[in-house]
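1. Structure for this input, please:
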Amino acid sequence: RNCAIDGGVEASMEGSRDKGLSLWHCLRGARATRDDDDSRAESPTLRKRLSAHLLHPVRGLLILLAVLALLLPASLRSLDLKSSIAVNLLLPRSSPSLESYELLGRRFGPGTLSPYRIVFDGRDAPSGEGEDGTEARGKEIDTEEAFEVMHRVVGEFVKCDAAIRNETADGNETAPHRTNARRHEAMAPFGAGRNNSGRDESSTSRRRLASRHTKGNASIDALSHSFPVPSPSWFDQPSYHDKSTVTHYSGISTAGGVSIPHSAFVAARLCRDLCEPDGHCPVEALHALTAVDDMVTSRDRLTTYVSVTLGYDPFTDEGIKWLEMARDRLDQMNARDELGGYTAVLDGGIGVEYDAVKSVYDAAPFMIGVTLGAVFLLTGAFFRSVMAPLRSVLGIGLTLSFVYGLLVLTYQDGALGWTKIPGLMPSPGGEICWIAPLMAFSVVVGLGLDYDVFLSTRVLEFRLRGRSDESSAIEGLDETARIITAAGLIMAVAFGGLTMSGSPCLEQWAFLLTAAVLVDTFVVRTVVVPILLGWCGRYSWWPRKLPPVVGDGRGRN
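-> Model (predicted):
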């Protein structure tokens, strides 16, 4: 019909050409064009031949099993991902700040970089009946009862440290007999002891000191003889250190791992009062104790704290385990009212960072569910199908699990350490920066969904034109192969540049994105998705209603 119309118009315009001859030439050209199209259709490209193998039910199944056999071992390693909040993972390897941080840790111990504080608060402790008949609140923190509470809490923390270090020969986590024996030995020079009735033997000495509370050198001499407190060098003697305690505690009740009796604290306060107006006690140990008291105790005498310096890095597994155990012990003691109305909390250290990261990771499953749920709903609404978004979510999940497992193999196990490439070497401590997996998740989901929409839209377009399901998948893969491959390579080059940044956190994040793009481009969209399309067949777009197949299903009538 088109040839007849074109031939008639052309003949009427020229006036000299025979109308039938023009129609014959037009039909001959149309037939030649059709023959060329048929020859191209009967000679498929290499991509189409490979796609046909993927869509075959048996061959496609074997190929999928082979792909899963390669991906699943690495994917299972993603379950062993160990995140860390260590500072050295966030800083560039050659940065001066990291060098200073490591130098301080080597010289003064890693625990000094993030010390803790055990805060003891007596503001809410009942202190008897008030003048108006109501219960009064507020107990001073420098009383004998408060010292017993502080000793009890520090003792529980010592047990936590002993349990982590496994220093007891019999495997018992507390070793109370050895610990208590050394503690009593250490407290002996302060005049501390217990008689059979359980009363503090130093109370008599404190009453004797109180009667001598007068000015003058005679009173100072009497004080020094009544309390034979050694010089500060006494604390450095190994015989007085609790060997099962590698964590140092410093405050008005503890010094250098040794519990200070309340009698020594009273002696230090009396010595300072006797030495007015300068308040400098000639007994150095007592003077040091009053100086610590001025720094750590509030002016209303209701609150004080004990500094805690761990003997190991607080950011390691040991440090985090100690933090969790110490918090549990404090919660138990507060719940059982073992602190005499006082309140004890653990502050400082890595507590803030640990709580923030823990909250983020606790919310991660919900965030992952919401993200994948939104992907499912939006993709399903766009394609008006259930199978299409399900296929997308499965492909994205396979990509995520594999690249996270590859991250563990590379930076925790050192699988690529033989390359000697700095960006692929195992991280310090064999840990993953906590923020890298979280930041990469949403980006990987977005890229994977983007490529899936490219492919699925083209396949659906051919199917709506009347092609068969197999022909639509083959033509869709052939049409989108170039654009998806080019986009994947561009993104891999862009992200891969960050693996040379020198910052472990950025390197791990870039490694995740680069590996995800390459796997999604050359494995998931090229192999896995076509196989799923072949399996689903006419149900690939269920429950969407599709037009019937036209002609031979390959676009020819």
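
2. how distant is the helix or strand where residue 476 lies from the center of its chain?
-> Using DSSP states H and E, residue 476 falls within helix 469-496. Relative to its chain's centre, helix 469-496 lies at 34 Å (CA atoms, centre = their mean, to the nearest Å).

3. cool, and stretch 48-58?
-> Centre-to-centre, stretch 48-58 and its host chain are 42 Å apart (CA atoms, centre = their mean).

4. before we move on, back to that, report all helices and strands that the helix or strand following the helix holding residue 476 contacts.
-> Proceeding N to C from helix 469-496, the next assigned helix or strand is helix 504-519, under DSSP H and E. Using 3 or more CB pairs under 8 Å, 6 or more residues apart in numbering; DSSP states H and E as the contact test, the elements touching helix 504-519 are helix 387-411, strand 432-433, helix 435-464, helix 469-496. The way it works is simple: take the backbone N, C-alpha and C, and place the C-beta from them, glycine included.

5. What residues sit buried inside the helix holding residue 476?
-> Within helix 469-496, the residues that count as buried by 16 or more other CB atoms under 10 Å are 469-481, 484, 487-488, 491-492, 495-496.

6. packing partners for it?
-> helix 46-55, helix 435-464, helix 504-519, helix 529-536.

7. looking at those helices, which is buried most?
-> helix 504-519 (a mean of 23; mean count of other CB atoms under 10 Å).

8. show me where the protein has strands.
-> Per DSSP state E, the chain carries strands over the ranges 83-84, 116-121, 126-129, 135-137, 248-250, 254-255, 258-259, 303-309, 343-348, 432-433.

9. looking at the ones you listed, which is closest to residue 151?
-> Across the strands of the chain, residue 151 has its closest neighbour in strand 258-259 (5.0 Å, CB to CB).

10. rewinding a little: wait, which of the helices and strands packed on helix 504-519 is closest to residue 337?
-> Minimum separation from residue 337 across these (CB to CB) falls at helix 435-464, 40.2 Å.

11. angle of the closest one against helix 469-496?
-> Using axes from the mean of the first three to the mean of the last three CA atoms, to 10 degrees, the direction of helix 435-464 lies 150 degrees away from that of helix 469-496.

12. average pLDDT for helix 435-464?
-> In this model, helix 435-464 carries a mean pLDDT of 92.

13. I'd like the numbering to begin with 16 instead of 1 from here.
-> Got it, first residue is 16 now, which makes that one helix 450-479.

14. what packs against it?
-> Applying 3+ CB pairs under 8 Å, 6+ apart, we find helix 450-479 packed against helix 366-398, helix 402-426, helix 484-511, helix 519-534, helix 544-551.

15. Distance to residue 312 and mean pLDDT added to those, as a markdown table?
-> Output for the helices and strands packed on helix 450-479, formatted as a markdown table (distance: least, CB to CB, whole Å; pLDDT from 0 to 100):
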| stretch | distance to residue 312 | mean pLDDT |
| --- | --- | --- |
| helix 366-398 | 22 | 93 |
| helix 402-426 | 46 | 94 |
| helix 484-511 | 54 | 90 |
| helix 519-534 | 40 | 94 |
| helix 544-551 | 68 | 89 |
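
16. for these, which one sits closest to residue 86?
-> Residue 86 sits nearest to helix 402-426 of all the helices and strands packed on helix 450-479, at 4.9 Å, using CB to CB.

17. What are the buried residues along the closest one?
-> So for helix 402-426, counting by 16+ other CB under 10 Å, buried means 402-408, 410-426.

18. mind listing the helices in the stretch 66-215 of the chain by residue range?
-> Per DSSP state H, counting those that start in this stretch, the stretch 66-215 of the chain carries helices over the ranges 72-92, 111-123, 159-180, 191-202.

19. got any ranges where the stretch 116-265 of the chain has weak pLDDT?
-> 143-150, 181-261 (pLDDT under 70).

20. returning to that earlier point: nearest to residue 304, of the helices and strands packed on helix 450-479?
-> Closest among the helices and strands packed on helix 450-479, using CB to CB: helix 366-398, at 27.5 Å.

21. any idea of the angle that closest one forms with helix 450-479?
-> Orientation check (the same axes, to 10 degrees): helix 366-398 against helix 450-479 gives 0 degrees.

22. Apart from its neighbours in sequence, what residue is nearest residue 520?
-> Leaving aside its sequence neighbours, residue 520 sits nearest to residue 448 (CB to CB, 6 or more residues apart in numbering; 3.8 Å).

23. follow-up on the earlier one: which among the helices and strands packed on helix 450-479 is found nearest to residue 336?
-> When the helices and strands packed on helix 450-479 are compared by CB to CB, helix 366-398 sits nearest residue 336, at 11.2 Å.

24. for the closest one, which positions count as buried?
-> Neighbour count says helix 366-398 has 366, 368-369, 372, 383, 387, 390-391, 394-395, 398 buried, by 16+ other CB under 10 Å.

25. Format those residues as JSON lines; extra columns: distance to residue 326.
-> Formatted as JSON lines, the buried residues of helix 366-398 follow (distance: CB to CB, whole Å):
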{"residue": "366", "distance to residue 326": "18"}
{"residue": "368", "distance to residue 326": "20"}
{"residue": "369", "distance to residue 326": "18"}
{"residue": "372", "distance to residue 326": "23"}
{"residue": "383", "distance to residue 326": "38"}
{"residue": "387", "distance to residue 326": "44"}
{"residue": "390", "distance to residue 326": "48"}
{"residue": "391", "distance to residue 326": "50"}
{"residue": "394", "distance to residue 326": "53"}
{"residue": "395", "distance to residue 326": "56"}
{"residue": "398", "distance to residue 326": "60"}
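
26. sorry, back to before: I'd like to know which of the helices and strands packed on helix 519-534 lies nearest to residue 60.
-> helix 484-511 (6.5 Å).

27. Distance from the chain centre to stretch 120-132, please.
-> For stretch 120-132, the distance to the chain centre is 22 Å (CA atoms, centre = their mean).

28. what's that stretch in contact with?
-> Applying CB atoms under 8 Å, 6 or more residues apart in numbering, the contact partners of stretch 120-132 are 116, 119, 262-263, 320-330, 334, 338, 361-366.
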